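S.K.: below is the structure, and that's it, no one-letter string:
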């Protein structure tokens with residue numbers, strides 16, 4: 001059986017972690033949809049693609065500590 005390719009940031013769905021929509025990420029982080037998709041492509045956030053084709057971001061990947069000041 002041939003395996004299908006997945007985008008770099010996509011992972012298998014972990015039902016123990018909370019998922020949020022792209023729209024919710026935009027609202028919480030005050031960024032555009034394009035920015036969220038750029039984060040996905042760059043691997044800055046973990047996400048899944050649902051069978052419907054919708055993308056959902058794992059909420060815990062949005063909670064990062066701010067970088068330390070030198």
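M.R.: Received, thanks. Owing to the predicted nature of the structure, the values given are computational and were not obtained by experimental measurement.
S.K.: low-confidence ranges in this protein?
M.R.: 1-13, 64-70 (pLDDT under 70).
S.K.: could you redo the last one with a cut-off of 50?
M.R.: By pLDDT under 50, the low-scoring segments of the chain are 1.
S.K.: can you list contacts of stretch 23-39?
M.R.: Stretch 23-39 is contacted from outside by 20, 22, 45, 57, 62, using CB atoms under 8 Å, 6 or more residues apart in numbering. All C-beta spots, glycine's among them, are computed from the backbone N, C-alpha and C.
S.K.: and what of stretch 50-60?
M.R.: Here stretch 50-60 has contacts from 14, 17-22, 25, 36, 40, 45-49, using CB under 8 Å, 6+ apart.
S.K.: before we move on, the earlier item: among the contacts of stretch 23-39, which lie within helices?
M.R.: Those of those mapping onto helices are residue 22, per DSSP state H.
S.K.: now, the most widely separated pair of the contacts of stretch 23-39?
M.R.: The span of the contacts of stretch 23-39, defined through CB to CB, is set by 22 and 62 at 11.8 Å.
S.K.: quick check: closest non-adjacent residue to residue 18.
M.R.: What sits nearest to residue 18 in space, not counting adjacent residues and going by CB to CB, 6 or more residues apart in numbering, is residue 59, at 4.2 Å.
S.K.: look up how far residue 32 lies from the one you found.
M.R.: Separation of residue 59 from residue 32 (CB to CB, to the nearest Å): 19 Å.
S.K.: who has more neighbours, the two?
M.R.: residue 59 (16 against 10; other CB atoms under 10 Å).
S.K.: pull the number of nearby residues for residue 52.
M.R.: Neighbour count for residue 52, taken as other CB under 10 Å: 6.
S.K.: wait, is it part of a strand?
M.R.: No - going by DSSP: H, G, I helix; E, B strand; the rest coil, the assignment for residue 52 is coil, not a strand.
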